[in-house]
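> Give the three-dimensional model of this entry:
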Amino acid sequence: MERTMIQPRFKDSPHFKNFWEEGNGKLLIEFSGAEVSFENFEKYSQFFYHIDEIGDEVVKEVYFTKKYQEASREIEGYIRNGVSETDNVPDSIKKLFAQTQRVPEWLNYNLIKSGAELCMRSNLDSLISLRDYCLIGGYDYAYLNKPLVVTEALKKGAVKRLSETLDFWVNATRYNALELHAKGYEFAIKTRLIHSYARLSIKKHYKGWDTENWGEPINSWDMMATYIGFSLVFLHSLQKLGNTFSAEEEQGIFHLWKYVGYLLGIPEQLLPDNKKQATEYFFLWTSVQPPSDKDSVLLAHSLLNESLENPILKFEFQRKNLRYLHICCTWFLLGDEVCKRLKIPEVSNKKLFPKSKIFFNKIYDRLVSRKARIQRGNKHQMKVLEDYLNITKNSNFH
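Alright, predicted model coming up:
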């Protein structure tokens with residue numbers, strides 16, 4: 001069936017214009033030196049209907065023919081031990097691992113190391129950026145959220161969802177994590193197959209999926225936007241919070257997520273090398289996304305209230321205070337218009353915590369060595385992850 005060519009249908013809408021002319025989009029253009037236009041729209045928009053066929057074939061051949069746990073153990077064996085052309089395994093497995101075990105010519109492990117070090121040395125600011133800018137900001141794009149909504153992510157709860165995101169991010173951003181068969185490599189392939197499993201389940205069980213408007217479930221273009229969240233948006237957030245980074249660290253972040261994207265099966269031409277490219281790609285993608293809808297608001301509030309539900313902090317006043325601090329950072333990082341659309345609550349003195357963070361970061365930067373900051377940041381991030389994993393493994397948060 002010949003599909004209608006998609007158009008940049010929201011390019012004249014107030015939410016799109018305000019974002020790129022007055023809001024964070026304008027700041028991203030200034031931050032990156034991007035030259036945005038619709039010149040390459042058709043080149044990239046075709047990926048709205050493009051999916052990871054290799055991953056889907058593995059799910060059909062392995063996950064849909066066995067019990068889920070048994071299939072997962074089988075896949076783990078392939079990831080950890082490798083697959084060769086002569087192994088007696090399904091063709092889809094050979095195809096998947098022929099791609100993921102082939103280290104691309106452009107890969108530079110030193111750059112990946114620099115990117116990982118920035119993630120670690122930014123300490124809790126990294127986690128604030130991921131949660132209060134990248135994740136909650138993503139909820140403002142209504143069509144992007146549809147797979148989350150139809151797979152009933154809200155019922156699963158924000159604690160579990162945050163724990164899974166944190167587990168993936170931390171394990172992808174440690175030293176040597178992305179070498180073949182290492183932990184980050186493993187997480188990337190498992191995540192790729194979870195995406196395929198979800199996509200095939202949506203297509204099989206959810207008859208109301210609107211492919212024309214929403215694109216294919218978990219399509220390659222949406223995947224590109226998600227990973228620009230981990231690179232461009234993440235960097236912009238760190239900068240907003242008063243962190244500085246070298247040109248090599250900046251390049252390293254893009255390189256790290258380019259390789260993760262490659263392992264996840266995102267087409268290479270969608271993986272930006274730098275902030276200029278990333279902003280130009282992101283501009284085109286946002287033109288097909290409407291603003292927040294009621295599902296966006298529910299997802300955002302589920303994330304905000306996660307602090308109240310999460311038993312990591314013992315006392316209620318601590319949980320309320322943590323929620324207040326996240327609300328302050330969300331207003332500061334996302335801006336008024338997006339926060340109003342997502343119905344983020346108004347709170348008093350909301351600029352005080354982010355401004356004091358900026359002040360603290362400037363002093364901390366001068367007084368503490370880079371090496372000590374990396375070690376401390378790694379330790380704190382691992383502790384947060386450990387707390388989340390303990391909560392979600394030993395409770396009814398599934």
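> Tell me which residues touch residue 165, please.
Residue 165 makes contact with 130, 135, according to C-beta atoms under 8 Å, 6 or more residues apart in numbering. Glycine gets a C-beta too; all of them are placed from N, C-alpha and C.
> In which helix or strand does it reside?
Here residue 165 sits within helix 158-172, counting by DSSP states H and E.
> can I see the domain layout of this protein?
Domain assignment for the chain by automatic domain parsing gives 19-49+108-159+218-393, 53-100.
> still on that earlier bit, report the buried residues of the helix holding residue 165.
Buried residues in helix 158-172, defined by neighbour count with 16 or more other C-beta atoms under 10 Å: 158-172.
> try stretch 106-118
Going by neighbour count (16+ other C-beta under 10 Å), the buried part of stretch 106-118 is 111-118.
> which residues of the chain score low on pLDDT?
1-4, 153-154, 394-398 (pLDDT under 70).
> Report the buried residues of stretch 173-182.
Residues 173-174, 177-178, 182 are the ones in stretch 173-182 that count as buried (16+ other C-beta under 10 Å).
> meant to ask about stretch 359-373
For stretch 359-373, burial by neighbour count (16+ other C-beta under 10 Å) applies to 361, 373.
> what sits up against it?
Under C-beta under 8 Å, 6+ apart, the answer for stretch 359-373 is 117, 121, 123, 125, 241-244, 376.
> Make a ChimeraX selection of the buried ones in the residues you listed.
Those of these that count as buried under 16+ other C-beta under 10 Å are selected in ChimeraX with:
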select :117,121,123,125,241,242,243
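> Now intersect the contacts of stretch 359-373 with the helices, please.
In this view, the contacts of stretch 359-373 that belong to helices under DSSP state H are 117, 121, 123, 125, 376.
> Could you export those residues to a markdown table, including columns for distance to residue 147?
Below are the ones in helices among the contacts of stretch 359-373 laid out as a markdown table (distance: C-beta to C-beta, whole Å):
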| residue | distance to residue 147 |
| --- | --- |
| 117 | 33 |
| 121 | 33 |
| 123 | 31 |
| 125 | 29 |
| 376 | 36 |
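> and the two most separated of those?
Using C-beta to C-beta, these reach their maximum pairwise distance at 117 and 125, which is 14.0 Å.
> Please list the outside residues in contact with stretch 182-189.
75-76, 79-80, 96, 100, 167-168, 171-174, 176-179, 260, 263-264.
> go with 10 Å
Stretch 182-189 has contacts (C-beta atoms under 10 Å, 6 or more residues apart in numbering) with 55, 58, 75-76, 78-80, 96-97, 100-101, 112, 116, 167-180, 256, 259-265.
> before we move on, the earlier item: possible to save the buried residues of stretch 106-118 as JSON lines with distance to residue 84?
Formatted as JSON lines, the buried residues of stretch 106-118 follow (distance: C-beta to C-beta, whole Å):
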{"residue": "111", "distance to residue 84": "29"}
{"residue": "112", "distance to residue 84": "25"}
{"residue": "113", "distance to residue 84": "29"}
{"residue": "114", "distance to residue 84": "33"}
{"residue": "115", "distance to residue 84": "30"}
{"residue": "116", "distance to residue 84": "29"}
{"residue": "117", "distance to residue 84": "34"}
{"residue": "118", "distance to residue 84": "36"}
